[in-house]
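Undergrad: okay, structure incoming, though there's no sequence with it:
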């Protein structure tokens, strides 16, 4: 189906956008995103929120982006409709519009220079939000809780003994549980306001140089321990292979560059405990994601199934689980050198 045919013409009209200029934008799996233009040719982003996000999240984004802009950071800004609303309702989720930030959005980091710049940007983003006083309307449930995801994997195994993938999932689950048992302990660290999903496709880079300009997709903003935020970033930025590939590789050079970039901007702000917990948190998130995907292979619940490559959701999720576990093993094989990279930063 043409992704444009089901858009009510009243939606772009709410922001005086020309519906003839609508074009799909990006490769995100959660929100539907389009590029559009006003009558004078000004580019805008039109986005339909996944129903998992309430419209109140836009109030949070407006407050956060105003704060970021006041601190001198480039950020997309929400645009109000002609009658003053932040969003308009629609079948399948509410719609919003925002300013367009020109640049490159990557599916994978291409060089240590890009990783270093992304690290610097994320640290500036975190520091800029450190003094934000805002009562978030949308409070996202805790995401990174490895023990909860491991328990969910055990529950999925118990609930689906007749599943066609049960034997493969049980074998993989045993390896995931063993990897979890070997994880280093994470120290307690304070919650900070963070992006919540700092994968590399949520970073805009300059078109002509490896400079990270701004963070996108701020629906996941909230408070969590900083090491989990950075671990999620490193898990994404340092993976040489795609998330759907069963053989993951972890790039130590990208990790060292990204960590050094972040540390340079965070010096004097973050704590030594937060710094030292980044690598263990990266390992924990890899295991957590492997457990999530393995459970989803039996629950058949993940929404991002690719039917062009996999016969069903279960097979796709099993490939994701294998890829995350392989990525974790690649990280553990380089543990000493990665630890040295952390120690080398001020």
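TA: The structure has been received and is ready for your questions. Here the structure is a predicted model, which is why all the values come from computation and not from measurement.

Undergrad: the most centrally placed residue in the chain: what's it in contact with?
TA: Centroid-nearest residue in the chain, with Cα atoms, centre = their mean: residue 197, separated by 2.7 Å. Residue 197 is in contact with 217, 220, 232, counting by Cβ atoms under 8 Å, 6 or more residues apart in numbering. Bear in mind the C-beta positions are built from the backbone N, C-alpha and C, glycine included.

Undergrad: list the buried residues in the longest helix along the chain.
TA: Assignment by DSSP state H gives helix 272-299 as the longest helix of the chain. Residues of helix 272-299 classed as buried: 274-299 (neighbour count, 16 or more other Cβ atoms under 10 Å).

Undergrad: hey, where'd the helices end up in the stretch 51-200 of the chain?
TA: With DSSP state H, counting those that start in this stretch as the criterion, the stretch 51-200 of the chain has helices at 57-70, 112-128, 146-159, 166-181.

Undergrad: figure out which of those helices is closest to residue 237.
TA: Set against residue 237 and scored by Cβ to Cβ, these come closest in helix 112-128, at 5.3 Å.

Undergrad: can you state the direction angle for the closest one and helix 57-70?
TA: Orientation check (axes from the mean of the first three to the mean of the last three Cα atoms, to 10 degrees): helix 112-128 against helix 57-70 gives 100 degrees.

Undergrad: packing partners for helix 112-128?
TA: Here helix 112-128 touches helix 57-70, strand 191-194, strand 203-205, strand 212-215, helix 226-237, helix 252-266, going by 3 or more Cβ pairs under 8 Å, 6 or more residues apart in numbering; DSSP states H and E.

Undergrad: residue 310 is in contact with residue 316, isn't it?
TA: Yes: contact criterion Cβ atoms under 8 Å: residue 310 and residue 316 qualify, at 4.0 Å.

Undergrad: contacts only, for residue 75.
TA: 65, 68-69, 101, 214-215.

Undergrad: er, residue 284 actually
TA: 144, 146, 183, 186, 228, 231.

Undergrad: closest one to residue 117 out of those, please.
TA: When the contacts of residue 284 are compared against residue 117 (criterion: Cβ to Cβ), the nearest one is residue 231, at 19.2 Å.

Undergrad: quick check: that closest one touching residue 281?
TA: Yes: counting by Cβ under 8 Å, residue 281 is a contact partner of residue 231 at 3.3 Å.

Undergrad: what sits in contact with each of those two?
TA: residue 144.

Undergrad: got the contact list for stretch 186-195?
TA: 122, 125-126, 129-130, 132, 202, 215, 218, 220-227, 229, 271, 273-274, 276-277, 280-281, 284.

Undergrad: so what pLDDT did the residue nearest to residue 265 when sequence neighbours are not counted get?
TA: The shortest distance from residue 265 to any non-neighbouring residue, by Cβ to Cβ, 6 or more residues apart in numbering, is to residue 123 (3.4 Å). The per-residue pLDDT reported for residue 123 equals 98.

Undergrad: what about residue 123, distance to residue 285?
TA: 19 Å (Cβ to Cβ, to the nearest Å).

Undergrad: got it, and residue 221?
TA: 18 Å.

Undergrad: before we move on, the earlier item: the more surrounded of residue 310 and residue 316?
TA: Between residue 310 and residue 316, counting by other Cβ atoms under 10 Å, residue 316 is the more crowded of the two (22 against 16).

Undergrad: quick check: mean pLDDT of the helix or strand containing that one?
TA: Using DSSP states H and E, the element containing residue 316 is helix 313-333. The pLDDT scores in helix 313-333 average 93.

Undergrad: return the distance of the very next helix or strand once past that helix from the chain's centre.
TA: The helix or strand immediately downstream of helix 313-333 is helix 335-343, counting by DSSP H and E. The chain centre lies 24 Å from the centre of helix 335-343; the measure is Cα atoms, centre = their mean, to the nearest Å.

Undergrad: and what of stretch 170-185?
TA: 23 Å.
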